[in-house]
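Colleague: build me a structure from this.
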Amino acid sequence: MSSQVTDYINEASEEQQRIMQRVRELIKETVPGSTEEFKWSRPVFRKEKDFAYLKRAKKYVTLGFFNFEKLKDEDNRLEGTGKDMRHVKLTTLNDLDIDLFKEWFQAAST
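Modeller: Model (predicted):
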């Protein structure tokens with residue numbers, strides 16, 4: 001685990017810390033061999049390529065995905081209009097859809 005990512009998480013509010021730590025754990029569980037780096041002032045998770053990132057905002061945590069075209073988003077949870085990335089905003093730990101995010105981590109990391 002990256003000490004820079006740990007520091008970034010520890011600087012957040014308590015709820016944001018819980019959210020980001022749980023996402024970090026989910027990625028480690030779901031994508032064996034994945035690594036984390038601190039790039040562009042945020043935690044970035046990668047396997048062979050970058051596939052997800054976390055970013056703090058004032059009232060939520062952004063969980064972003066590279067390779068978003070590989071994700072099945074039947075409920076239209078992904079936000080954004082860029083050509084390369086999409087994201088979801090997480091306000092509380094209850095916003096984590098564990099099964100869906102595991103599926104997305106697996107898809108985005110291949």
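
Colleague: show me where the chain has helices.
Modeller: 3-10, 14-30, 98-108 (DSSP state H).

Colleague: which residues does the last one contact?
Modeller: Going back to what we said before, that points to helix 98-108. With Cβ atoms under 8 Å, 6 or more residues apart in numbering as the test, helix 98-108 has contacts from 23, 26-27, 29-31, 51-52, 63, 65-68, 70-72, 77. Placement of C-beta: from N, CA and C, glycine included.

Colleague: switch to 6 Å and redo it
Modeller: 26-27, 30-31, 51, 65, 67, 70-71 (Cβ atoms under 6 Å, 6 or more residues apart in numbering).

Colleague: how about the helices of the chain in JSON lines, adding distance to Val88, mean neighbour count and mean pLDDT?
Modeller: Compiled in JSON lines, the helices of the chain are given as follows (distance: least, Cβ to Cβ, whole Å; neighbours: other Cβ atoms under 10 Å; pLDDT from 0 to 100):
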{"stretch": "helix 3-10", "distance to Val88": "18", "mean neighbour count": "14", "mean pLDDT": "96"}
{"stretch": "helix 14-30", "distance to Val88": "10", "mean neighbour count": "17", "mean pLDDT": "97"}
{"stretch": "helix 98-108", "distance to Val88": "8", "mean neighbour count": "17", "mean pLDDT": "96"}
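
Colleague: could you dump those to CSV with distance to Val44?
Modeller: Output for those, formatted as CSV (distance: least, Cβ to Cβ, whole Å):
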stretch, distance to Val44
helix 3-10, 9
helix 14-30, 11
helix 98-108, 12
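
Colleague: quick one, which of these is nearest to Pro43?
Modeller: Ranking those by proximity to Pro43 (Cβ to Cβ) places helix 3-10 first, at 4.3 Å.
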